[in-house]
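Asks: need a 3D model of the following:
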Amino acid sequence: MQITEAQKAYWSKNLSLTAVLLAIWFVVTFAIGYFARDLNFTFFGWPFSFWVGAQGALIVYVVIIWFYARTMNRYDQEHGFAEEDV
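Replies: Sure, this is the predicted structure:
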């Protein structure tokens, strides 16, 4: 099977998007968690490190999933790989 230039461009965009979102995930999961003890200030009545661990990271994960799905749908339409609406 021959891979077309459109497929290569689509895959390149997909890999770039995935790399950026994984970098954001890494920073939220590990970097902020590692330095959380240094974040000694109150945020909405709770220590900021607690808030990041309990709420902030979950919000970022949901936003990452939403952004990936929305962007990939747009890429699918741009490159002719969109699924037909049923």
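Asks: would you agree Arg37 is in contact with Ser49?
Replies: Yes. Counting by C-beta atoms under 8 Å, Arg37 touches Ser49, with 6.2 Å between them. Just so you know, the C-beta spots here come from the backbone N, C-alpha and C atoms, and that holds for glycine as well.
Asks: out of the two, which sits in the busier spot?
Replies: Neighbour totals were compared for Arg37 and Ser49, and Ser49 leads with 19 against 9 (other C-beta atoms under 10 Å).
Asks: pLDDT score assigned to that one?
Replies: Looking at Ser49, its pLDDT is 75.
Asks: helix, strand, or coil at it?
Replies: Three-state call for Ser49 (DSSP: H, G, I helix; E, B strand; the rest coil): helix.
Asks: the one 10 residues further on too?
Replies: In terms of secondary structure, Ile59 is helix; the call rests on three-state DSSP.
Asks: in what helix or strand does the residue most central in space within the chain lie?
Replies: Centre of the chain computed as the mean C-alpha position; nearest residue by C-alpha atoms, centre = their mean is Ile64, 3.0 Å away. Assigned by DSSP states H and E, Ile64 belongs to helix 57-79.
Asks: roughly how far is that helix from the heart of the chain?
Replies: Offset of helix 57-79 from its chain centre (C-alpha atoms, centre = their mean, to the nearest Å): 7 Å.
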